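>>> What would the 3D arrangement of this be:
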Amino acid sequence: MLIDKTSHKKLCKCDIKLGKSLSEKRWYPYDISIYVEFLNNYIDDLHKDLRKNIAYNMQYLEYLHQTYEELSLSSVITTQNHKSFIIFSVSIIECILYYWLVSSGYEITKEWNQFHSQTIPKGKMRATIIFESKPEMNLEAMIETAKKKNLFETDNTLYDDLHELRQLRNKTHMYNPKDQETDWHVFNRKQLALAKSALFKIFIILFKPNPNQEKIINFLKTELIYQK
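I've put the predicted structure just below:
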């Protein structure tokens, strides 16, 4: 059965006025240049591509937020939006931590550990081959390094929140041979709020936005009213 959806609510500005062009009637996110200017507070020009990527993803998060505000979404779509919001939020956090590590000289990849050595005969000589591991600069290690260096000052609970979000990000695959679980049971409103709160705190602590700049990240602290 086909359903006429032409009368459904559109994603548009609330103050629609007659005579305006279509582009002026519709909702539009903050421009990328505005996000980049805000990100300039912390991330330098040597990492402008990283800065741009964060700006792109922030604009997408802003869009997801707007869908909650204006659209009547099914519980399934809402849950999938939770998942997307959490995944992209964690990606942004990972970029910020990566920048902090590199710019502060705390690159985890500089540390090498010997974990196995093997001596083999080579004619009358004996040669020792040392196998070494190079720790990955993964999110878990980034969070632990941030905690060790007291990056987030007095907000010690933020490290635990980031680890919880990291574990959620690891559940992006739609299959799990060990413990199959649907997205419906993994991603929920509480975890969405955790992602928003963590990202907002990081921006406030590290980027120190002025009052005008803080307006563009206010959607991260807005309490939304919707089901599941």
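>>> Run through the strands of this structure in chain order.
Remark: strands assigned in the chain by DSSP state E are 113-122, 125-133.
>>> residues contacting the closest residue to Gln213 other than its chain neighbours?
Setting aside the residues directly before and after it, Gln213 is nearest to Phe38 in space (CB to CB, 6 or more residues apart in numbering), at 4.7 Å. Any C-beta I mention is one placed from the backbone N, CA and C, and that applies to glycine too. Phe38 makes contact with Phe207, Pro209, Gln213, Ile216, Ile217, according to CB atoms under 8 Å, 6 or more residues apart in numbering.
>>> What is the burial count for the residue nearest to the fourth one when sequence neighbours are not counted?
For Ile216, the nearest residue in space outside its immediate sequence neighbours is Tyr30; the separation is 4.9 Å by CB to CB, 6+ apart. Neighbour count of Tyr30, defined by other CB atoms under 10 Å: 16.
>>> got it, and the one 5 residues further on?
The criterion is other CB under 10 Å. On that basis, Tyr35 has 23 neighbouring residues.
>>> again, but for Ile143
22.
>>> Touching, it and Tyr159? I think so.
Yes - using CB atoms under 8 Å, Ile143 is in contact with Tyr159, at 5.9 Å.
>>> The residue nearest to Ile143 when sequence neighbours are not counted and Lys196, how far apart?
Leaving aside its sequence neighbours, Ile143 sits nearest to Leu162 (CB to CB, 6+ apart; 4.9 Å). To Lys196, Leu162 is 13 Å away according to CB to CB, to the nearest Å.
>>> Next up, the contacts around Asp155.
By CB under 8 Å, 6+ apart, Asp155 lies in contact with Lys201, Ile205.
>>> What score does Thr79 have for pLDDT?
As predicted, Thr79 sits at a pLDDT of 91.
>>> Oops, could you answer that again for Cys12 instead?
55.
>>> these two touch, right, Phe203 and Pro209?
Yes - at 6.6 Å, Phe203 counts as touching Pro209 under the criterion of CB under 8 Å.
>>> Any stretches of the chain with poor pLDDT?
1-25, 107-136, 173-181, 184, 222-228 (pLDDT under 70).
>>> packing partners for the longest helix along it?
Counting residues, the longest helix found in the chain (DSSP state H) is helix 75-104. When contacts are defined as 3 or more CB pairs under 8 Å, 6 or more residues apart in numbering; DSSP states H and E, helix 75-104 sits against helix 48-70, helix 139-148, helix 157-169, helix 183-186, helix 189-202.
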